[in-house]
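J.: this one's structure only:
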């Protein structure tokens, strides 16, 4: 079933893109046994289109 067929006329319909960034930061001092690396896992949703259903 299409999303547009489930919305009433005049409803706002939006499209999103999901971005996920994963990385490990290793500060220079971890080379000398001080501390440990930091793991990052970030997810964001960005709206790139919005329109009223006609």
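T.: Done, it's in. In this text, all values refer to a predicted model and were calculated from it rather than measured experimentally.

J.: Not counting its neighbours along the chain, what's nearest residue 29?
T.: Nearest non-adjacent residue to residue 29, counting by CB to CB, 6 or more residues apart in numbering: residue 35, 5.8 Å away. The C-beta positions use only the backbone N, C-alpha and C, and glycine is treated the same way.

J.: Can you report how many residues neighbour the one you found?
T.: Using other CB atoms under 10 Å, residue 35 has 10 neighbouring residues.

J.: Kindly provide the distance from it to residue 47.
T.: Distance, residue 35 to residue 47, by CB to CB, to the nearest Å: 38 Å.

J.: where are the low-confidence patches of the protein?
T.: Across the chain, the ranges flagged by pLDDT under 70 are 1-7, 53-54.

J.: Setting aside sequence neighbours, what's the nearest residue to the residue nearest the centre of it?
T.: Nearest residue to the geometric centre of the chain (CA atoms, centre = their mean): residue 44, 2.2 Å. Using CB to CB, 6+ apart and skipping the chain neighbours, the partner closest in space to residue 44 is residue 19 (5.1 Å).
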